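**Q** could you look at this predicted model? Sequence included:
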Amino acid sequence: MNRAVVIRRFVSLLLLASLPLFAGTLPAAPPDHPGILPLDQIHPGMRGVAYTVFEGAVPEPMEVEVLGILRNVNGPKGDIILVRLHGAKAEYTGVVAGMSGSPVYFDGKLAGALAFRIGEFSKEPIAGVTPIEDMLEINALDASQPPTAQPVSSASPEGASKTSAPGPSSAAALQDYANYLRPIEAPLVFSGFSEEAVRRFGPQFAAAGVVPVMGAGSATQEKQPEPVEPGSSVSAVLIGGDMSVAATCTVTYIDPQRLLACGHPLMQFGAVDLPMTKAYVVATLASPLDAFKIINTTEPVGAFVQDRHAGILGRFGKVPEMIPVTLTVHGAGGVKQFHYQVLNNAKLTPVAMMVTVFNALQGMNAYGEETSYRMQGSINVSGFPEVRLQNMFAPADSGMPTAVGVATSVGERFSRIFANPYGTPTIQGVNLEFNLIPERRAARLETARTAVTEARPGDDIVIEAVLRPYRGEPFVRQVHVKIPASVSRGTLRILVSDGDTLDRMRHFYPGLGARLDLASTIALLNQEHPDDRLYVSLLQPNPEAMVKDKVMPTLPLSVMNVMEGMRGTQDMVVVGESAVDEASTPLDYVVSGAQIISITIK
């Protein structure tokens, strides 16, 4: 053996001897009243301890070694502490989803929370730590309770090293890691959902700010005797009840009123109101690609009220305001009823309603490709008339499952309620009822005609429509229409159509809904026409104006000139044709198609 090799080995032994021997000596539990260790007192080579739950509900320690500080990698002034985890379990599982928020201590003082992982297929458990100083800033943003004194101290802890952060050269060497830095996922546990439901609506969750990282587990609401402490797992519930969705991470900091967790945002929605529950880790699944904790959410302990860049804040004992939903499905095998609650959030509530409705319909034994649905129900908005939900849905040739169309229709109603820019809706409850029909109940309008070519104001005329059901024989329906006395002489156009066509022509103008207040939005929703009827509308060649949800047909030119000058001062749409009257006949089919008939008014 040459002399150089002997020297290198000797130096290595000296370095190992100089490091603290953590094996078997790690503190079993986090300190009760830790101080705060500022970022400027953390340097490479420091060794500490972090806590997380690998199994059960009791946090376990793992050794932490500081590799360096990454500057501005989590946004401007967003510094991250880069660490390597040591210990049999941490080195076996690696950095796993659900570990974010695990508190990190040096010399008994809290330095931050594990929050980021490095790359994929990593052979080493290297993680990024959000400094605790950044997380404690969330308290100042929380307006849900009167402000309290913050336990932040910038004083140098006794015995702490005064070595500064790595210089430019070491920082540059570490900077390569920043390209692979991403938040440790908070596993979304979908309990009571099919894989198909999660797959179909995953993109909508992602668009709303939640990436569905499928975890395994369930929602039990069982009592969990273990207290919540730093290192414990906690869950934020987006949907709870017979179907549930919850995101889980780890507690970083706790005091008698509140806790901080995650070390990164769940959705970064700012102020939120989500149930906060304890969580029990059934097991930790090690995987080079997607390691995660298998979690059961258990008893509620309060509500998360802040979802910010550096973490989430929860308050103990607070009761969150969720939207109660009752969903009843009638099928050939009987009746199923689902009771659950969804979060009250403009972005996520529509998605939550879509995925739960689809999941409930798809879970029926009567579900099939040719199934049609009849829907009725209501959305109860505090201080306003209830939003009526009534329609019929049948399979289409596009190949999209009908249940997706049903779910999208429900979600669209919620999107429009939340989209108004004038008032925040308080939704007090949702009631939905569906009847499943085991066949494609769809009919297409083939022809429409009337026996008269001329009529006078006040006359009754009969419109005869021929409809063809899916794989069925054509049938005829007659609709009696009275010509209004106010109709002008000349050509009168008669629209025979489905409800969707009528809504688009009459009052669902592009962009109008986004400008309406809540009362007008609800009124407009309640004016829309279900698709299981055939409609006959009389159209006159006179301008029609719509101000919010109010329609003013057949306006004289002088009035139109005045209203033209009002454009820009109020929500108004003007079209060149007026719908002066309307009649309809019910059909046990989803109607599609439209035709125009013209007659002369004498």
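**A** Yep, it's here.
**Q** contacts, neighbours, all on C-alpha from now
**A** Fine.
**Q** so what's the gap between the biggest helix by length in the chain and the chain middle?
**A** The single longest helix within the chain, with elements called by DSSP state H, is helix 402-419. Mean-position distance between helix 402-419 and its chain equals 13 Å (C-alpha atoms, centre = their mean, to the nearest Å).
**Q** tell me what it is packed against?
**A** If you count contacts as 3 or more C-alpha pairs under 8 Å, 6 or more residues apart in numbering; DSSP states H and E, helix 402-419 packs onto helix 348-362, strand 387-393, helix 518-527.
**Q** that helix: which residues count as buried?
**A** Within helix 402-419, the residues scored as buried using 16 or more other C-alpha atoms under 10 Å are 402-411, 413-419.
**Q** before we move on, the earlier item: out of the helices and strands packed on helix 402-419, which is the most enclosed?
**A** Most buried of the helices and strands packed on helix 402-419, by mean neighbour count (mean count of other C-alpha atoms under 10 Å): helix 348-362, with a mean of 24.
**Q** which element follows it toward the C-terminus?
**A** Note on helix 348-362: by DSSP states H and E, the next helix or strand toward the C-terminus is strand 372-381.
**Q** need the residues that contact that next one.
**A** Here strand 372-381 makes contact (C-alpha atoms under 8 Å, 6 or more residues apart in numbering) with 386-395, 402, 406, 425-441.
**Q** mind listing the strands that strand pairs with, and their directions?
**A** Applying DSSP bridges to the sheet, strand 372-381 is found paired with strand 387-393 (antiparallel), strand 427-437 (antiparallel).
**Q** turn the helices and strands packed on helix 402-419 into TSV, columns for distance to Thr93.
**A** As requested, the helices and strands packed on helix 402-419 are exported to TSV (distance: least, C-alpha to C-alpha, whole Å):
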stretch	distance to Thr93
helix 348-362	32
strand 387-393	48
helix 518-527	50
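**Q** reformat these as JSON lines; add distance to Lys293 and mean pLDDT.
**A** Converted to JSON lines, these look like this (distance: least, C-alpha to C-alpha, whole Å; pLDDT from 0 to 100):
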{"stretch": "helix 348-362", "distance to Lys293": "23", "mean pLDDT": "95"}
{"stretch": "strand 387-393", "distance to Lys293": "40", "mean pLDDT": "96"}
{"stretch": "helix 518-527", "distance to Lys293": "42", "mean pLDDT": "91"}
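**Q** for those, which one sits closest to Lys109?
**A** In terms of C-alpha to C-alpha, the element of the helices and strands packed on helix 402-419 nearest to Lys109 is helix 348-362, at 37.6 Å.
**Q** just list what the closest one packs against, helices and strands only.
**A** helix 195-207, strand 323-331, strand 334-342, helix 402-419.
**Q** compare these and give me the one nearest Pro350.
**A** That would be helix 402-419 among these, by C-alpha to C-alpha, at 4.4 Å.
**Q** that closest one vs helix 195-207, what angle?
**A** Put simply, helix 402-419 runs at 30 degrees to helix 195-207, going by axes from the mean of the first three to the mean of the last three C-alpha atoms, to 10 degrees.
**Q** for helix 402-419, which outside residues touch it?
**A** Residues from elsewhere that reach helix 402-419 (C-alpha under 8 Å, 6+ apart): 346-347, 349-351, 353-355, 357-358, 361-362, 369, 371-373, 393-396, 424-425, 513-514, 518, 521-522, 525.
**Q** hang on, Lys74 packs against Ile80?
**A** Residue 74: Asn, not Lys. Yes. Contact criterion C-alpha atoms under 8 Å: Asn74 and Ile80 qualify, at 7.0 Å.
**Q** which of these two has more neighbours?
**A** Ile80 (26 against 19; other C-alpha atoms under 10 Å).
**Q** leaving out chain neighbours, which residue sits closest to that one?
**A** What sits nearest to Ile80 in space, not counting adjacent residues and going by C-alpha to C-alpha, 6 or more residues apart in numbering, is Leu70, at 5.1 Å.
**Q** skipping adjacent residues, who's closest to Ala594 in space?
**A** Ser497 (4.0 Å).
**Q** hmm, I was thinking of Leu445
**A** Spatial nearest neighbour of Leu445, excluding adjacent residues (C-alpha to C-alpha, 6+ apart): Leu467 at 4.5 Å.
**Q** would you say that neighbour is within a strand?
**A** Yes. Counting by DSSP: H, G, I helix; E, B strand; the rest coil, Leu467 is part of a strand.
**Q** mind starting the numbering at 402 from now?
**A** From this message on, residue numbering opens at 402, which makes the last subject Leu868.
**Q** neighbours around it, how many?
**A** 23.
**Q** how near is it to Gly671?
**A** Separation of Leu868 from Gly671 (C-alpha to C-alpha, to the nearest Å) stands at 53 Å.
**Q** can you check Ala753 too?
**A** Ala753 is 19 Å from Gly671, where distance means C-alpha to C-alpha.
**Q** pLDDT below threshold where in the stretch 402-551 of the chain?
**A** Regions of the stretch 402-551 of the chain meeting the criterion pLDDT under 70 cover residues 402-425, 520-522, 544-551.
**Q** likewise the stretch 902-1003 of the chain?
**A** Using pLDDT under 70, the stretch 902-1003 of the chain drops low at 907-916, 942-981.
**Q** how does it look with 80?
**A** Within the stretch 902-1003 of the chain, the stretches with pLDDT under 80 are 906-916, 941-982.
**Q** in the protein, which spans are helices?
**A** Taking DSSP H as the test, the helices found in the chain are 404-419, 489-494, 533-542, 569-576, 596-608, 749-763, 803-820, 900-907, 919-928, 958-965.
**Q** where do the domain boundaries of this structure fall?
**A** Per automatic domain parsing, the domain ranges recorded for the chain read 424-544+571-600+610-718, 724-838, 843-1002.
**Q** so which of these is the most packed in?
**A** domain 424-544+571-600+610-718 (a mean of 21).
**Q** distance between that one and the chain's centre?
**A** Its chain's C-alpha centre and that of domain 424-544+571-600+610-718 lie 21 Å apart, by C-alpha atoms, centre = their mean.
**Q** if we can go back for a sec, and the angle from the longest helix of the chain to helix 749-763?
**A** For helix 803-820 against helix 749-763, the angle by the same axes, to 10 degrees is 160 degrees.
**Q** alpha carbons only: can I get helix 803-820 in CSV?
**A** What follows is helix 803-820, C-alpha atoms only, in CSV (Å, rounded to 0.1, in the frame of the first residue of the first chain):
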residue,chain,number,x,y,z
THR,A,803,-72.5,10.6,-20.0
ALA,A,804,-71.6,10.8,-16.3
VAL,A,805,-68.8,13.1,-17.2
GLY,A,806,-71.3,15.5,-18.9
VAL,A,807,-73.5,15.3,-15.9
ALA,A,808,-70.6,16.1,-13.5
THR,A,809,-69.4,18.9,-15.8
SER,A,810,-72.8,20.5,-15.9
VAL,A,811,-73.0,20.5,-12.0
GLY,A,812,-69.4,21.9,-11.8
GLU,A,813,-70.2,24.7,-14.3
ARG,A,814,-73.1,25.9,-12.1
PHE,A,815,-70.7,26.3,-9.2
SER,A,816,-68.1,28.0,-11.3
ARG,A,817,-70.6,30.6,-12.4
ILE,A,818,-71.8,31.2,-8.9
PHE,A,819,-68.2,31.8,-7.7
ALA,A,820,-67.2,33.8,-10.7
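**Q** for that helix, what is the average pLDDT?
**A** Mean per-residue pLDDT for helix 803-820: 94.
**Q** ok, the residue minimising distance to the centre of the chain - contacts?
**A** The chain has Leu749 as the residue nearest its centroid, 2.7 Å off, counting by C-alpha atoms, centre = their mean. If a contact means C-alpha under 8 Å, 6+ apart, then Leu749 has Phe606, Ala609 as its contacts.
**Q** next: Ser633.
**A** The neighbours of Ser633, taking C-alpha under 8 Å, 6+ apart as the test, are Thr453, Val454, Ala458, Val459, Pro460, Thr651, Val652, Ala680.
**Q** for Glu874, state which of these is nearest.
**A** Distance to Glu874, by C-alpha to C-alpha, is smallest for Ala680 among the contacts of Ser633, at 58.5 Å.
**Q** go ahead and confirm the closest one touches Pro701.
**A** No. Counting by C-alpha under 8 Å, Ala680 does not reach Pro701; the two are 9.4 Å apart.
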